[in-house]
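**Q** The sequence and its predicted three-dimensional model are supplied below.
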Amino acid sequence: MNDLKSFAHGIVSLSAYEVQKLVEIMNEEYGIEAAAENVNILNSRDPSMSRQERRKREREAKKREVKERQKRG
């Protein structure tokens, strides 16, 4: 049970970027797909993130979304 609590803590401690990478790994390596469409949480107002960094992350998220749509056909 302690292992599961530690595992759960590790998951909830992930950044949005790390969660996206985890989703990609689960899909590519194990064929597990997310049940919901991608949710853009990068627009949240994180006071520690500069406007420039937020815009950069938004552009990267849009690029990933376009690539994903192209893969689906």
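**A** Cool, got the structure. Numbers count the residues shown, from 1 in each chain.

**Q** Low-confidence stretches in the chain?
**A** 36-49 (pLDDT under 70).

**Q** Mind doing that once more with 80?
**A** Along the chain, the model assigns pLDDT under 80 to residues 1, 34-51, 54, 72-73.

**Q** Tell me where it has strands.
**A** With strands called from DSSP state E, the chain shows none.

**Q** Give me the domain ranges for it.
**A** What automatic domain parsing lists as the domains of the chain is 1-36, 42-73.

**Q** distance of R57 from D3?
**A** R57 sits at a distance of 32 Å from D3 (criterion: CB to CB, to the nearest Å). The C-beta positions use only the backbone N, C-alpha and C, and glycine is treated the same way.

**Q** Give me the more crowded residue out of these two.
**A** Ranked by neighbour count (other CB atoms under 10 Å), R57 and D3 place R57 first, with 18 against 7.

**Q** Ignoring the adjacent residues along the chain, who's closest to the most centrally placed residue in the chain?
**A** Residue closest to the average C-alpha location in the chain (CA atoms, centre = their mean): Q20, at 2.2 Å. What sits nearest to Q20 in space, not counting adjacent residues and going by CB to CB, 6 or more residues apart in numbering, is R64, at 7.4 Å.
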